[in-house]
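> whatever this is, show me its structure:
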Amino acid sequence: MGTATEDRRHVVLFIGDSSYGVLSYLTTDLARALMAHGWTTEVVDLTRLSLATELRRIQREDRVRFFCAYSGYGADIIANDRLLYDVLAVPYVGLMLDNPCYFPTRHLTASEQLMLLHGDDGHHDVSVEISPRGSWRGLFRLASTPSTDGERPLAARAYGAMFASKGGDPLRYERELRATLDASSRRFVFEVAAALGAQHAPQRVWEVARAHAALLGISTEHAPSVAYHTLVLRADHLARLRRATAVARALLSVPVTFVGGDWSHLQSPTSRATFLPPAPLPVVRRMMANSRVVLNVQPGTTDSMHDRLVLGLHAGAVVVSDSNRVIRERVGHDAFVVWDGGPESIADVVSDSTRESAALQSRATRGLRTARERLTLAQMAAALLQTVQLHGAQRAQPPAVAQHSLARSA
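Alright, predicted model coming up:
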């Protein structure tokens, strides 16, 4: 017999492929934060090992309290025709950063061991709506480790404004959609994308898609098909590309440094912007700490902490960002420059924010202090551990009739 599950203090964190290796760096930081709370951790790269051998080793050691990964990586591992975590009777925690339409099967899987925690309230609500009864869902708030260079004064920084984003050409993506989708699916995708872009503030993708699905005769009752989720994903992606391009085009008149992504459709000899290739997250963070302004101007989410906002505040930069209820309550508008989301105003906002002034330095200092007080990875790790303990305590009780929804961790 192994150690009682609730007494174990070992966590397995999964990593795999992600854009520029971002999730691998975030996972390593999370491992360190969990270790600071007295837990042992190991990071397992599912792309670089023999999965069967590794799983046998984990089962033989019989010491894991829970598994965990950003974006639900490894959530759907099957063993003996069952979800691995049900076989092991050990919970898996997915720290979900994307809309459920990006990984629908993970949300449609019936398992009380599969705990999906969402960084966005709207994503949480969709997951609860489409998940089987008895599933475990909850919230987490994205946080980060402090930047070691964050206290460098704005006047001593080499870069003006910095925008780290993947970008992409919406016209090229539209051509792909026209070539691969049938007429009704194409109409749905383009109409949903247009509705998502009809106002500056991001909208809840699922609600917009459902309204248009009804108009087009697509049923979303009960559990929508994976095919439907895929169409919603494509509409959301198209809307993001259009918004990113509109914002980036407006920024070409000011000296902004773009890092990462595909911006070839915007580059021109007359542009004042600088385009740099993708870089690992530690390099991006060092650049942020050497920039007077960090831009978070293409978020696409409605109820969450955006990664560029969190990292920019920790970098001690003046952050220019949109806002929402979660950001307003957790950060406060005096810690960053609030932008209303209209591309026509972004160039003036950025130009004003790159000027040297005591007021801007004071705002950056407040942002850094706020990040170190309220957006620390130590706090996020503590909330994660509390959620796992709550899961174990509630599973020891008679099963509830209603669907579980874990306490919304701050």
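
> show me what Tyr159 is bridged to.
Tyr159 has the following beta-bridge partners by DSSP bridges: Ser291.

> brain fart, Ser144
When assigned by DSSP bridges, Ser144 has beta-bridge partners Thr376.

> surely it and Asp29 touch.
Yes. Using C-beta atoms under 8 Å, Ser144 is in contact with Asp29, at 7.2 Å. Glycine gets a C-beta too; all of them are placed from N, C-alpha and C.

> look up the closest residue to Glu356, ignoring the ones flanking it.
Spatially, and ignoring its direct neighbours in sequence, Glu356 is nearest to Ala155 (5.4 Å; C-beta to C-beta, 6 or more residues apart in numbering).

> am I right that the one you found falls within a strand?
No. Assessed with DSSP: H, G, I helix; E, B strand; the rest coil, Ala155 is helix; it does not lie in a strand.

> in which helix or strand would I find the residue nearest to Ala143 when sequence neighbours are not counted?
Using C-beta to C-beta, 6+ apart and skipping residues adjacent in sequence, the residue nearest Ala143 is Met380, 4.1 Å away. Using DSSP states H and E, Met380 sits in helix 377-395.

> distance from that helix to the middle of the chain?
19 Å (C-alpha atoms, centre = their mean, to the nearest Å).

> over to stretch 21-41?
Chain-centre distance of stretch 21-41: 17 Å, with C-alpha atoms, centre = their mean.

> start the count at 312, not 1, going forward
Yep, numbering from 312; the last one is stretch 332-352 now.

> tally of neighbours for the residue nearest to Ala454?
Neighbourhood size, Met691 [other C-beta atoms under 10 Å]: 22.

> so what's it scoring on pLDDT?
Per-residue pLDDT puts Met691 at 96.

> if I pick it, what's in contact with it?
Residues counted as contacts of Met691 (C-beta atoms under 8 Å, 6 or more residues apart in numbering) are Leu341, Ala344, Phe451, Arg452, Leu453, Ala454.

> and the pLDDT for the spatially closest residue to the fifth one that is not a sequence neighbour?
The one in question is Leu453. Spatially, and ignoring its direct neighbours in sequence, Leu453 is nearest to Met616 (4.5 Å; C-beta to C-beta, 6+ apart). Looking at Met616, its pLDDT reads 90.

> repeat that for His533.
On the pLDDT scale, His533 is placed at 60.

> quick check: the residue nearest to Glu667 vs Val629, distance?
As judged by C-beta to C-beta, to the nearest Å, Ala466 and Val629 stand 12 Å apart.

> looking at the two, which one has more neighbours?
More crowded of Ala466 and Val629, by other C-beta under 10 Å: Val629, with 28 against 10.

> beta partners for the more buried one?
Applying DSSP bridges, one finds that Val629 bridges with Val604.

> pull the longest helix from this structure.
helix 537-562 (DSSP state H).

> how far away is the residue sitting nearest the centre point of the chain from Ser329?
The residue lying closest to the centre of the chain (C-alpha atoms, centre = their mean) is Leu408, at 3.1 Å. When distance is defined by C-beta to C-beta, Leu408 is 10 Å away from Ser329.

> again, but for Arg685
From Arg685 to Ser329 the distance is 26 Å (C-beta to C-beta).
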